[in-house]
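J.: give the three-dimensional model of this entry:
(chains A and B)
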There are 2 protein chains.
Amino acid sequence: MKWTWVLVAVLLSFGGLSLGKESLDFPEYDGKDRVHDLNAKNYKSVMKKYDVMVVYYHDHPGSSRVAQRQFEIEEMALELAAQVLDEFDDEDIGVGLIDAKHDKVVAKKLGLDESDSVFIFTDDEVIEYDGEFAADTLVEFIYDVLEDPVEIIDNSRELKGFENIEEDIKLVGYFKSHKSEHFEAYADAAEEFHPHIKFFATFSPKIAKALELKLNEVDFYEPFMDDPVVIPGKPYTEDELVDFIEDNDRPTLRKLQPHNMYEIWEDDVDGEHIIAFAEEADPDGFEFLEILKQVAEDNTDNPDLSIVWIDPDDFPLLLPHWEKTFGIDLSSPQIGVVDADDADSVWLDMDDGDDLPSVDELEDWIEDVLSDSRACQYSNSLKNQ
Amino acid sequence: MKWTWVLVAVLLSFGGLSLGKESLDFPEYDGKDRVHDLNAKNYKSVMKKYDVMVVYYHDHPGSSRVAQRQFEIEEMALELAAQVLDEFDDEDIGVGLIDAKHDKVVAKKLGLDESDSVFIFTDDEVIEYDGEFAADTLVEFIYDVLEDPVEIIDNSRELKGFENIEEDIKLVGYFKSHKSEHFEAYADAAEEFHPHIKFFATFSPKIAKALELKLNEVDFYEPFMDDPVVIPGKPYTEDELVDFIEDNDRPTLRKLQPHNMYEIWEDDVDGEHIIAFAEEADPDGFEFLEILKQVAEDNTDNPDLSIVWIDPDDFPLLLPHWEKTFGIDLSSPQIGVVDADDADSVWLDMDDGDDLPSVDELEDWIEDVLSDSRACQYSNSLKNQ
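T.: From the prediction side, this is the model:
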């Protein structure tokens, strides 16, 4: 993760002012140092102490006052995360730092190549965190890491809960029982992608029937798609499942979220992103999102199409920055092509959202975008229509 | 707002590490002082400079090092908010501080009674912000303040967007046109509650028909309720609308959100809250939430029932604190009664979520809760069943 900014949440409590709101009191930062500086001498013994270890493999801070201050703020975010995780009863969770200048050797021994990233070491896996560097988003991600990689669907209401998940890639398989070797292969595959991709399973013939799943079969759902793809060739080995998922993990429509924002940004298509801004809580934004979903459904087989949906509500502090950088008004929906490197962009003229494009118009526009090689050409061709 | 803790988001950018992610760069904090110290001499001239003024009427910081540091962190959050809002093109938005010890007179002149609160001054209204003291949540709230108090529904897709809003109180009215005096009364009422309550209107007979609205009629929707209440006595004056809304602004089921958390907590029922924890993204949590919605729908006419739904995903840093304070496991759904003052609580035994109560069982439990006067009695009676 090469973040270029830092978001730090610092929590302090006003002891004297509680006025009976203890239930909503955030934990008071107690000033205790919990974050370990890992080095060649101590890293083994420190990491042995915890069930889960969160390691920030950071570039050596520069000597300027600003750089020092920035690093202090990062450390404070991690101290806060460590304090909150310390209160968490289920597992012992530690937090550590590795300095890329002084302790590259340690990082190498742990198998870490890329500095400026957070890695989470569990029993079996090393999971990279590629989201916002904020205590709350990081802590939330760690809770997800701690959950079982496969969630079991037992009844029809849980099935409804499964169906309600539309913003993430999800899979569901039908197996005889926990002990089935095919379920074990599925669970092993789940560990490879956990918690980025959601894995579900059922052992109930009734639920399987509702999902139209045969025994040992697994369905793969892209985000925002009602209809799944049946993974061919059941029963599958772990490797077959992993290969299929890796071949299909760039959805036609995907949502930028704080916990995955840099991961998605790095996965551009030919150096470009199609970005759609739509505020789901706003009728115009909702309308535009419905159009986007229809476009995605119509074009799910196009491997070159991946639209990144951003809900401005998720990133209030970035909104004015985006409006300036892209020269757009985010009070109404927008869609454009953004160069992933220099943020150059062109945007579809939608006349202040009064006149949203139809599904067909948007598909035509996207076809132009994908067939032209240079972004500025789309802009001109649209203007000349 | 009497917050007992502070959440501060500090953003800094690493100029040297940008690596082509400019589009996702948060604004670099530039160190410029934008937050005004308001006093008797300057407050009029400062406030005249801005279209919208955000004023933090704060208690005088104590002299201890901790208190000083805490106030610094609050100031930093406001500086960051001010910087982001400064970039915002649509309106001139200023941020100021009033010290409750030195400048009580100024606060009084501005009509502010309660210190330790943020107030937003627009042309017509003074709006209190009673949410999390975090730059991002505050900035998001101010964007909402800047939007029109009444949103117009023009077509069927926007209608679908309206129908999709379920977490907030919403109203929709059908009027002849923008110029209708009845629409004006409605818009005036909307300003009184904006942005806490969402007001919609349509001028389209087709949309009105779909909503089963007669001319000049207004429907009131509780959160999570499909069916509205028709406000009686159309056409209404502004006062009639305001009175009706004030009589109905404690919903049967409401969601605790960062921007309204203290407002909701202050609005207890007889010193107690019924709190339900349910993670919507989890099948168990989704299932429990469906049960809660059904209970709310069955009991919408019971003025003594108001269930506060908390999605733990919205408050990751509070999760271990809640688990400890309440002695519960938040990896599965929970419902309990919490004393709003001292956080004493009793919780329904749900056996790790494997065995969620039916709608009827939950209604019986809630009935017990409401009819008994002391919380510990419910707990005992449940155990003896």
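
J.: what does the stretch 151-300 of chain A put close to chain B?
T.: If contact is defined as C-beta under 8 Å from any C-beta of the partner chain, the residues of the stretch 151-300 of chain A in contact with chain B are A:151, A:153, A:155, A:157-162, A:164-165, A:200, A:261-262, A:265, A:280-287, A:290. Using the backbone N, CA and C atoms, a C-beta is placed for each residue, glycine as well.

J.: for chain A, which residues score under the pLDDT cut-off?
T.: Chain A contains residues with pLDDT under 70 at A:1-23, A:25-30, A:351-354, A:372-385.

J.: hang on, the earlier thing: show me which of the residues of the stretch 151-300 of chain A next to chain B are buried.
T.: Neighbour counting by 16 or more other C-beta atoms under 10 Å in any protein chain shown classes A:151, A:153, A:157-159, A:161-162, A:165, A:200, A:261-262, A:265, A:280-287, A:290 among these as buried.

J.: tell me which of those fall in helices.
T.: Among those, DSSP state H puts A:157-159, A:161-162, A:261-262, A:265, A:283-287, A:290 in helices.

J.: tell me which of those residues is nearest to residue A:169?
T.: Using C-beta to C-beta, residue A:162 comes nearest to residue A:169 of these, at 13.1 Å.

J.: doesn't residue A:199 make contact with that closest one?
T.: No. Taking contacts as C-beta atoms under 8 Å, residue A:162 lies outside contact range of residue A:199: 10.9 Å.

J.: spit out the residues that contact the two alike.
T.: Shared contacts of residue A:162 and residue A:199, defined by C-beta atoms under 8 Å, 6 or more residues apart in numbering or on different chains, comprise A:170, A:172.

J.: show me where the stretch 251-385 of chain A has helices.
T.: Assigned helices in the stretch 251-385 of chain A, in chain order: A:261-266, A:283-298, A:319-326, A:359-371, A:375-383 (criterion: DSSP state H, counting those that start in this stretch).

J.: mind putting these into TSV with distance to residue B:327?
T.: Converted to TSV, these look like this (distance: least, C-beta to C-beta, whole Å):
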stretch	distance to residue B:327
helix A:261-266	36
helix A:283-298	40
helix A:319-326	40
helix A:359-371	52
helix A:375-383	57
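
J.: and these, which is most packed in?
T.: When you average the neighbours per residue for each of the helices of the stretch 251-385 of chain A (mean count of other C-beta atoms under 10 Å in any protein chain shown), helix A:283-298 leads with a mean of 21.

J.: chain center to it: distance?
T.: Relative to the centre of its chain, helix A:283-298 is centred 21 Å away, using C-alpha atoms, centre = their mean, to the nearest Å.

J.: just the CA atoms of it, as CSV, please.
T.: What follows is the C-alpha trace of helix A:283-298 in CSV, where atoms were taken according to Å, rounded to 0.1, in the frame of the first residue of the first chain:
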residue,chain,number,x,y,z
PRO,A,283,-33.1,10.0,-5.6
ASP,A,284,-31.0,11.2,-8.6
GLY,A,285,-28.0,9.2,-7.5
PHE,A,286,-30.2,6.1,-6.8
GLU,A,287,-31.6,6.5,-10.3
PHE,A,288,-28.2,6.7,-11.9
LEU,A,289,-27.0,3.7,-9.9
GLU,A,290,-29.9,1.6,-11.1
ILE,A,291,-28.9,2.5,-14.7
LEU,A,292,-25.3,1.5,-13.9
LYS,A,293,-26.4,-1.8,-12.5
GLN,A,294,-28.4,-2.5,-15.7
VAL,A,295,-25.4,-1.6,-17.8
ALA,A,296,-23.2,-3.9,-15.7
GLU,A,297,-25.7,-6.7,-16.0
ASP,A,298,-25.9,-6.3,-19.8
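
J.: and the angle from it to helix B:156-164?
T.: Angle, helix A:283-298 to helix B:156-164, by axes from the mean of the first three to the mean of the last three C-alpha atoms, to 10 degrees: 110 degrees.
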